[in-house]
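[1] show me how the following folds:
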Amino acid sequence: YAQLHAQVRAMARLLHDRGVRKGDRVALMCYPSVQHVVALFGAWELGAIPCALHLRESEAILAAVLARLSPRVLVYDAALADRAAALRARVPLVTYGIAARSELTPPGADCGDDPVIPDALAGLEPDFEPMPIAPDDVAMIALSSGTTGVPKGIMHTHRTQIESARGGAFVFDANPYASMINVSTTAFIGWYNCTIPFLNAASKIVFMAQWDAKRFLQKMQDERATFAFLVPTMWRMLFREDLDNYDLSSLKKAGYAGEPMDTRTMGLVRDKICSNIINIYGTTETGSCAGGTMMYNDDYRDPSKQESVGKPFLNADVRVIEPGGAVTAEVPPGEEGEVIIRGLSVASQVWDQPALARRIFDDGWWRSGDMGTLDADNYLYLRGRIDDMIISGGINVLPSQVEEAVLSHPAVSECVVIGIPDEKWGQRIAAYVVAKAAVTPEELKAHVEATDLSHYKRPRDYHLVTELPRGNTGKVSRRLLRTQLAGK
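    Residues are numbered from 1 along each chain as shown. Reported below is the predicted structural model:
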């Protein structure tokens, strides 16, 4: 950590020499690595505002993001030197480039005249006094993981990040003896949530530049990981591997977020990987670790709470209100409505989009766009996105319960359910399935018909596919699937 601090101070000098001052934006286009951390904290040392870019975005979208941010410097992985050069040609406002090395950087990568860290940090020391930083100064711009248009920039302050660090250290059992394998992409709020709390606690963090199930299992064994946190899609990928080949006995806690986990996958994680499981409901806007909800392992002991995403974090509040209504328009327990969240890590502004900020942030509350219910014990249950709702024959159907029924078939690895335009019903329910063993659409239909799923919720079509489209965070994206189908 002393070496990290020295590199951060040197990075601040490198950025300062290129004209970066308090309030200036610094764009980061890096794979997960230690040097990404150095660049991030180097910007913070100056009071600058870093923004990590989604690496999966098209060049046109990235150029639009950069034009909106107007960053003075682009820090990029040397493996992405060609893309960085193309973006700088399209967005002349980016005055300087700094390259960074990661495990994906090829030997001899050509970065032109740009300095390459960590080599360029040798011998550098700040020769200036940084500007004072206040808790409510903007600390970073976190890009939403939307799959259409230009991602919106959620503005987090130093206060919201400190609260996430404190809350996350408690939730994740971060301490100087903890070990974490971070596989999140750097623009995903999950990267911050799986990094900052562990830095706060002086833990060991190992970054994987790209997701690979076998390599992740090997690293958990080799680094004696104590905590593993993945989206359910990634957990399911682990079970395609032979887990008996790996010693995962060091794991003390496993977690998931980002999408619902079906009961079969939950059982496999508990039986084969770690019996202590948590679930977090949080987003880019909430900062997650001090705004949102959490399901503790002991919460799962109550069978009636199995489908819940838990109760509000410490010092956080959750309400369910009439969709589009006032933040005080709460619906009774058990009644469905829109979920809104208030907490110490919740953002309140959107970069360069004040009208949008006024619409989604309201008197300290964030309007999630998620449908859900609260029970009498204040446990939250998500029912899906308002815009994911399938309306078939005038009846509203949320995909999650349908997907749960399909995923309960042992041959199914992944499933997404969407509404397909239908002349008679308005929308027809269709399931798109990735199988891990031989199965036919007829067998899937028979299996679902044997479950408790109501007749009107059952898919009318089953499509076997080799893969499902994913958004920037690695989660399966219904919106991308609908877009792909519309283009055919």
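[2] all strands of the stretch 51-200 of the chain, in order?
    Along the stretch 51-200 of the chain, counting by DSSP state E, counting those that start in this stretch, strands occupy 73-77, 96-100, 116-117, 138-143, 153-157, 179-182.
[3] low-scoring stretches of the stretch 201-350 of the chain, by residue?
    Within the stretch 201-350 of the chain, no range satisfies pLDDT under 70.
[4] still on that earlier bit, turn the strands of the stretch 51-200 of the chain into JSON lines, including distance to residue 467.
    Every residue, glycine included, has its C-beta placed from N, CA and C. Formatted as JSON lines, the strands of the stretch 51-200 of the chain follow (distance: least, CB to CB, whole Å):
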{"stretch": "strand 73-77", "distance to residue 467": "25"}
{"stretch": "strand 96-100", "distance to residue 467": "30"}
{"stretch": "strand 116-117", "distance to residue 467": "35"}
{"stretch": "strand 138-143", "distance to residue 467": "24"}
{"stretch": "strand 153-157", "distance to residue 467": "29"}
{"stretch": "strand 179-182", "distance to residue 467": "24"}
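[5] of these, which is nearest residue 314?
    Among those, strand 153-157 comes nearest to residue 314, with 18.9 Å by CB to CB.
[6] export the strands of the stretch 51-200 of the chain as TSV, with columns for mean pLDDT.
    Listed next are the strands of the stretch 51-200 of the chain as TSV, based on pLDDT from 0 to 100:
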stretch	mean pLDDT
strand 73-77	98
strand 96-100	98
strand 116-117	98
strand 138-143	97
strand 153-157	97
strand 179-182	98
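[7] looking at the ones you listed, which is buried most?
    Comparing the strands of the stretch 51-200 of the chain by mean neighbour count (mean count of other CB atoms under 10 Å), strand 73-77 ranks first with a mean of 28.
[8] now the angle between strand 96-100 and that one, please.
    20 degrees (axes from the mean of the first three to the mean of the last three CA atoms, to 10 degrees).
[9] so residue 387, which state does it fall into?
    helix (DSSP: H, G, I helix; E, B strand; the rest coil).
[10] neighbours of it, how many?
    Other residues within reach of residue 387, judged by other CB atoms under 10 Å, total 9.
[11] give me the neighbour count for the nearest residue to it once chain neighbours are set aside.
    Closest residue to residue 387 apart from its sequence neighbours, by CB to CB, 6 or more residues apart in numbering: residue 369 at 7.0 Å. Residues near residue 369, counting by other CB under 10 Å, number 15.
[12] swap in residue 150?
    19.
[13] what about the closest residue to it other than its chain neighbours, how many neighbours?
    Using CB to CB, 6+ apart and skipping residues adjacent in sequence, the residue nearest residue 150 is residue 64, 4.7 Å away. Using other CB under 10 Å, the number of residues around residue 64 comes to 17.
[14] out of the strands of the stretch 51-200 of the chain, which is closest to residue 239?
    Per CB to CB, nearest to residue 239 of the strands of the stretch 51-200 of the chain: strand 179-182, 17.3 Å.
[15] how about stretch 223-240 as CSV, C-alpha atoms only?
    Taking C-alpha atoms only, stretch 223-240 is exported to CSV below (Å, rounded to 0.1, in the frame of the first residue of the first chain):
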residue,chain,number,x,y,z
GLU,A,223,-4.9,-16.4,-4.0
ARG,A,224,-6.9,-18.0,-1.1
ALA,A,225,-9.9,-15.8,-1.9
THR,A,226,-12.2,-15.1,1.1
PHE,A,227,-15.0,-13.4,-0.8
ALA,A,228,-16.4,-14.0,-4.3
PHE,A,229,-18.9,-11.6,-5.9
LEU,A,230,-20.4,-12.3,-9.4
VAL,A,231,-23.6,-11.7,-11.4
PRO,A,232,-25.7,-14.8,-11.6
THR,A,233,-24.8,-15.4,-15.2
MET,A,234,-21.2,-15.8,-14.2
TRP,A,235,-22.1,-18.1,-11.3
ARG,A,236,-23.9,-20.3,-13.8
MET,A,237,-20.8,-20.4,-16.0
LEU,A,238,-18.7,-21.8,-13.1
PHE,A,239,-20.9,-24.9,-13.0
ARG,A,240,-20.0,-25.8,-16.5
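[16] counting neighbours, which bits of it end up buried?
    225-239 (16 or more other CB atoms under 10 Å).
[17] filter those down to the ones in strands?
    227, 228, 229, 230 (DSSP state E).
[18] mind checking pLDDT for the residue in the chain sticking out farthest from the centre?
    Computed with CA atoms, centre = their mean, the residue of the chain farthest from its C-alpha average is residue 424, at 37.8 Å. With respect to pLDDT, residue 424 has a value of 79.
[19] can you tell me how far it is from residue 463?
    Distance of residue 424 to residue 463, computed by CB to CB, to the nearest Å: 20 Å.
[20] quick one, what contacts the residue found closest to residue 281 once you drop the neighbours it is linked to in the chain?
    Leaving aside its sequence neighbours, residue 281 sits nearest to residue 309 (CB to CB, 6+ apart; 4.0 Å). Residue 309 sits next to 279, 280, 281, 293, 294, 295, 380, 381, 382 when contact means CB atoms under 8 Å, 6 or more residues apart in numbering.
[21] before we move on, the earlier item: nearest to residue 41, out of the strands of the stretch 51-200 of the chain?
    Closest to residue 41 of the strands of the stretch 51-200 of the chain is strand 138-143 (CB to CB; 10.8 Å).
[22] I'd like to know which elements the closest one is packed against.
    Applying 3 or more CB pairs under 8 Å, 6 or more residues apart in numbering; DSSP states H and E, one finds that strand 138-143 makes contact with helix 34-46, strand 49-52, strand 153-157, helix 158-171.
[23] one more pass at 6 Å, please.
    strand 49-52, strand 153-157 (3 or more CB pairs under 6 Å, 6 or more residues apart in numbering; DSSP states H and E).
[24] give me the contacts around it.
    49-51, 54, 151, 153-158, 161, 187, 189, 284, 351 (CB atoms under 6 Å, 6 or more residues apart in numbering).
[25] now for the nearest residue to residue 238 once chain neighbours are set aside, how many residues are close by?
    Sequence neighbours aside, residue 213 is the residue nearest to residue 238 in space, at 5.3 Å (criterion: CB to CB, 6+ apart). When neighbours are counted by other CB under 10 Å, residue 213 registers 17.
[26] these two touch, right, residue 213 and residue 236?
    No: Residue 213 lies out of contact with residue 236 (CB atoms under 6 Å); the separation is 9.5 Å.
[27] which residues do those two both contact?
    By CB under 6 Å, 6+ apart, no residue touches both residue 213 and residue 236.
[28] which residues in the stretch 201-350 of the chain form helices?
    213-222, 232-238, 263-272 (DSSP state H, counting those that start in this stretch).
[29] please identify the most buried of those helices.
    helix 232-238 (a mean of 21).
[30] isn't residue 406 right next to residue 430, touching?
    No: counting by CB under 6 Å, residue 406 stays clear of residue 430, with 11.0 Å between them.
[31] which of those two has more neighbours?
    residue 406 (25 against 20).
[32] now the more buried one: which helix or strand?
    Using DSSP states H and E, the element containing residue 406 is helix 399-407.
[33] any chance you could list what contacts that helix?
    260, 262, 384, 388, 412, 415, 417, 431, 448, 451, 453, 457.
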